[in-house]
Every structure is written in C-alpha cells, then in structure tokens.
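In: Just need the structure, nothing else, for what follows:
(one chain, ligands or ions: 1)
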Amino acid sequence: MKSVFTTLNDVPLLNRLKEALELKGIACIARNLNGAGAAAGEVVPILLWPELLVMNPLRYDEAKAIVDEITSFSPRDAAPWKCGCGEELDSVFGACWNCGSAKPEG
Ligand SMILES: [Zn+2]
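Out: Sure thing, here's the model as predicted:
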C-alpha cells in the first residue's frame, strides 16, 4: 500500500478522493479517520492523520494524478482565509481548526 493523500481534518475531501479513485477502479482504503476532529490545541502526530492509501503501488502514479487534479488549488486559494469565528487560517487547511467550519467556497 502506498499513501496518496494525507490531511489533518479534511475527511470529506479524503472521502471524495477515495470515491474518485474507486470510480477509476483503483482500490484504496482510508485510515485514521478518527484522528480528525482533534480538540482545539491538541497536537495530532502526522502518523495519526487521516490518510488515503492505494492498495496497488503500480497504480500509485495514476491515483496521484487524480488526487492532484482534484486537490489542485487556484492561486486565489493559496491565500490565507479567515473563518467566521475570526480565526485566520493558512490555505492548506480545509477547515477551521478552532471551530471546525469548512473553508468557504470561492
Ligand atoms: Zn472558525
């Protein structure tokens, strides 16, 4: 198995990627989904981050291309964003670590 995607708390995106890969017939499994949603201020070791794994390493490149396509950000998305709760978040975060709100579209 080979890890193709890791996220701290964007499990919905991880599930979306998993579905996309399965649609292409690429077997994959998600693990550590319980690692998401850690309490504010709690440090989650990256080993416990939700992760998507491709079962067949030979299909990794194909899977990675799909993941890159879905997760590719426009330049606008590269800017930090501000959550409704007032927290400023780096673009890599798909959800607010403070209140759990998802990053607004656009
Ligand atoms: Zn927030």
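In: Got phi/psi on residue 64?
Out: phi -60, psi -40 (degrees, to the nearest 10).
In: Verify the contact between it and residue 17 for me.
Out: No. Using C-beta atoms under 8 Å, residue 64 is not in contact with residue 17, being 10.5 Å away. For glycine as for every other residue, the C-beta is placed from the backbone atoms N, C-alpha and C.
In: mind listing the strands for the protein?
Out: 2-6, 28-31, 51-54, 81-82, 88-89 (DSSP state E).
In: Common neighbours of residue 64 and residue 17, please.
Out: Common neighbours of residue 64 and residue 17 are listed as residue 4 (criterion: C-beta atoms under 8 Å, 6 or more residues apart in numbering).
In: of those two, who's got more company?
Out: Taking residue 64 and residue 17 together and counting by other C-beta atoms under 10 Å, residue 17 has the greater number of neighbours (22 against 14).
In: Now do the same contact list for the more buried one.
Out: With contacts defined as C-beta under 8 Å, 6+ apart, residue 17 is in contact with 4, 5, 52, 66, 67, 70, 71.
In: for the strands of the chain, which one ends up most surrounded?
Out: strand 51-54 (a mean of 21; mean count of other C-beta atoms under 10 Å).
In: list the helices and strands that strand packs on?
Out: Using 3 or more C-beta pairs under 8 Å, 6 or more residues apart in numbering; DSSP states H and E as the contact criterion, the neighbours of strand 51-54 among helices and strands are strand 2-6, helix 11-23, strand 28-31, helix 60-71.
In: Could you list the buried residues of the second one?
Out: I take that to be helix 11-23. Taking 16 or more other C-beta atoms under 10 Å as the neighbour-count basis, helix 11-23 is seen to contain the buried residues 11, 13, 14, 17, 18, 20, 21.
In: That helix vs strand 2-6, what angle?
Out: Angular relation of helix 11-23 and strand 2-6 on a 0 to 180 degree scale: 140 degrees, by axes from the mean of the first three to the mean of the last three C-alpha atoms, to 10 degrees.
In: Helix 11-23 versus helix 60-71: what angle between them?
Out: Interaxial angle of helix 11-23 relative to helix 60-71 (the same axes, to 10 degrees): 130 degrees.
In: Kind regards, and thank you for your time.
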